[in-house]
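Novice: I'd like to go over a predicted model; first the sequence, then the structure.
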Amino acid sequence: MRRLAIKVWEFPVRLFHWTNFLAIVVLSLTGAYIHWPFLSTPNSAFPFLMGWARAIHFVAGWVLMVGLVGRLYWAFVGNRYARLSTFFPYLTRKGWKQIWGVLRYYAFLARRMPSHLGHNAIASTAYGFLFLLLGFQVVTGFALLGQADLASTVYRVTGWVFDIATSQWVRLGHYFAMWVIFAFFITHIYAMWMSDLAERDGTAGSMFSGYKYGDLESFADTDPRGR
Amino acid sequence: MAENRDPIANTSLEQYLESRGVSRRDFMKYCTGLAATLALPLGAAEKVAAAIADDKRPAVIWLHFQECTGDSEALLRASRPTVAELILDYLSVDYHETIMAAAGHQAEQARAKTLEEYKGKYIAVVEGGIPTKDGGLYCCIGGRSAVDIATEVCGNAMATIAVGTCSAYGGIQAAYPNPTGAVSVSELLPSIPVVNLPGCPVNTANLTGTVAHLLTFGNLPQLDRYKRPLFAYGKRIHDNCERRAHFDAGQFVETWGDHGHRQGWCLYKMGCKGPATFHNCPQVRWNDGINWPVGAGHPCVGCSEPGFWDSMSPFYGRLPNVPGFGAETTATKIGVGLTVATAAAFAAHGVVKTTQLRMKKD
């Protein structure tokens, strides 16, 4: 069967994917240190360790926020695979059918994945929730940062968080979300590897090149220009 | 309580202070400190002094509900009377169950009289949480429920000052599962003007500061989102802590009495809640400004924050435990469990999948 290459992930999608990835890695490392400072500097060999960890955490937080806002913008102007609606397949009847199909495939009950080119229905559901979770991290993170200065713009914009929960609960949520992101990360890597292996659709390389591969059937409803 | 006020009724504040061994100079020093606590500009001390010495003493009704009288104790510290105490004494506390001479019906009459005479002009000070469950029967004084008394007294006051964490947020009796339905003054009476001065106990400096602000400017100080005056609760303990440099440097106490503890390093890893607590303890301190918990080597327990007992415990842990998972279940344990379970599930799936793919190839 003839296999086609098609542009699925446009440049901004790939760009924000990788800036978000880098930001999350840096945020997790520095955040884990801020939660539990496992390195200490008793002899002042590096006398501003926590200061640096926090400074880097805050900068990475800004990067993540910009990445999320940028990706949200692209969800309105990007191609069909980048659209906002793809992240909420469970809102349509057709989407539910797709989710069911993917579930059956994952549980070894179906031989083939329902045809798709962007994300499959379960993957896009997961990414939808991930974006919400990252949004939660950005809001709670900036709220906690804003506490350092009650007159700051950051606090004025995010202080409402503390009307909902006191700062220790906000901290607990901010910290626990990191573990949920870790679990997501494992899922993400496994699913990427598995679908690349089983479907041979070039998933693994697609976030670098932007192209995925499929037979004519899977492109049946696809405009080859990716629009 | 006219009798109560008698010894000072016909004397000026200056005469009164002088009779107690406080010179004009001491008084001005105190007012300067007070102006600094209130974050007022240089020169405001004289205005504060004039306002305090002015003879329009506001009547004060001090109510006790579900509490331990720790806030009154903080005010009345027996060691030696401070200028602050003398001034509060002078500012005519008309009804205070602990210190007033009258008792029983006499005391209740005194309160009723003040309430009538100074309606809308007195200051109500509330100490203790207010139980609302079962008709408020868990705290009754003279046959009336705390809800009833607070509604009447605070509702007719010029302003209410909720001293201590119990009256500001409900305190320990409002902690989960809150069997008596205890609430704070502002939860019970959301529409009246309330200043919260949380802390366990309240710092007298902040109480006198709030009263001085009221006397000097005729209005309540600027408040934060939890109705706490910004002059006292506008900055986090962590951001003004004398040990902060050790935090930024990564120098932490790891166990009680270790090298770092003896060196006065940061108590963050011992569960210090300074990063989550707004209070001026590092500047104002306690016991005549001698020391404060962190200065003495104990982590802050966050006593002046809403939900203190529920969200600041365990006192020696960084974060509260995850609700609904039983004691000792930290977010880290659940997080590691979640991550390991995910990895295990996909490892199992991967084994089946690769076997399937290999069989297909064969």
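Specialist: Structure received.
Novice: what's the burial count for the closest residue in space to B:F247 that isn't next to it in sequence?
Specialist: Nearest residue to B:F247 in three dimensions, chain neighbours excluded: B:C266, at 4.1 Å (C-beta to C-beta, 6 or more residues apart in numbering or on different chains). Placement of C-beta: from N, CA and C, glycine included. The tally of other residues near B:C266 (other C-beta atoms under 10 Å in any protein chain shown) stands at 27.
Novice: Show me what B:C266 bridges to in the sheet.
Specialist: Under the criterion DSSP bridges, B:C266 forms beta bridges with B:F252.
Novice: Show the pLDDT at the closest residue to chain B within chain A.
Specialist: Proximity of chain A to chain B (C-beta to the nearest C-beta) peaks at A:W179, 2.8 Å away. The model reports A:W179 with a pLDDT of 95.
Novice: Please apply the same query to B:F217.
Specialist: Taking B:F217 on its own, its pLDDT is 87.
Novice: Count residues in the vicinity of it, would you?
Specialist: B:F217 is flanked by 15 other residues according to other C-beta under 10 Å.
Novice: A:S115 now?
Specialist: 16.
Novice: And for the one 4 residues further on?
Specialist: As a burial measure, the neighbour count of A:H119 was computed by other C-beta under 10 Å and equals 21.
Novice: Same question for A:L133.
Specialist: Per other C-beta under 10 Å, the neighbour tally for A:L133 reads 15.
Novice: What strand or helix carries it?
Specialist: Assigned by DSSP states H and E, A:L133 falls within helix A:121-146.
Novice: Quick check: mean pLDDT of that helix?
Specialist: Rounded mean pLDDT across helix A:121-146 is 95.
Novice: What are the buried residues along it?
Specialist: Within helix A:121-146, the residues that qualify as buried are A:121-126, A:128, A:130-131, A:134, A:137-146, counting by 16 or more other C-beta atoms under 10 Å in any protein chain shown.
Novice: Same check on stretch B:21-35?
Specialist: B:V22, B:F27, B:Y30, B:C31, B:T32, B:G33, B:L34, B:A35.
Novice: Would you mind listing the residues in contact with the residue nearest to B:F247?
Specialist: By C-beta atoms under 8 Å, 6 or more residues apart in numbering or on different chains, the contact list for B:C266 reads B:R243, B:R244, B:H246, B:F247, B:Q251, B:F252, B:V253, B:C272.
Novice: all helices of chain A, in order?
Specialist: Secondary structure of chain A by DSSP state H: the helices cover A:11-35, A:49-77, A:93-106, A:121-146, A:153-158, A:161-164, A:167-199, A:203-209.
Novice: Phi first, then psi, for the closest residue to B:I61 other than its chain neighbours.
Specialist: Spatial nearest neighbour of B:I61, excluding adjacent residues (C-beta to C-beta, 6+ apart): B:Y95 at 4.5 Å. Main-chain torsions, B:Y95, degrees, to the nearest 10: phi -140, psi 110.
Novice: Tell me, please, where in the stretch 251-362 of chain B the pLDDT is lower than the cut-off.
Specialist: By pLDDT under 70, the low-scoring segments of the stretch 251-362 of chain B are B:362.
Novice: Flag every residue of it that's near chain A.
Specialist: Residues of the stretch 251-362 of chain B lying close to chain A by C-beta under 8 Å from any C-beta of the partner chain are B:251-252, B:254, B:259-260, B:268-269, B:273, B:276, B:278, B:302, B:305-307, B:311-312, B:318-320, B:322, B:331-332, B:334-336, B:338-339, B:341-343, B:346, B:349-350, B:352-354, B:356-357.
Novice: Buried ones from the residues you listed, can you make that a ChimeraX selection?
Specialist: Only the buried entries of these go into this ChimeraX selection, using 16+ other C-beta under 10 Å:
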select /B:251,252,260,268,269,273,276,278,302,305,306,307,311,312,318,319,320,322,331,332,335,338,339,342,346,349,353
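Novice: how close does the closest residue to A:T86 other than its chain neighbours sit to A:V26?
Specialist: Of all residues not flanking A:T86 in the chain, A:S124 sits nearest, at 5.0 Å (C-beta to C-beta, 6+ apart). A:S124 is 26 Å from A:V26, where distance means C-beta to C-beta, to the nearest Å.
Novice: can I assume the residue nearest to A:T86 is in contact with A:P89?
Specialist: Yes. The pair A:S124 / A:P89 is scored as a contact, 5.7 Å apart, by C-beta atoms under 8 Å.
Novice: between the two, what contacts are shared?
Specialist: Both A:S124 and A:P89 lack any common contact, where contact means C-beta under 8 Å, 6+ apart.
Novice: Where is the longest helix in chain B?
Specialist: In chain B, with assignment by DSSP H, the single longest helix is helix B:331-361.
Novice: and that helix, how far out from the chain's middle?
Specialist: Relative to the centre of its chain, helix B:331-361 is centred 50 Å away, using C-alpha atoms, centre = their mean, to the nearest Å.
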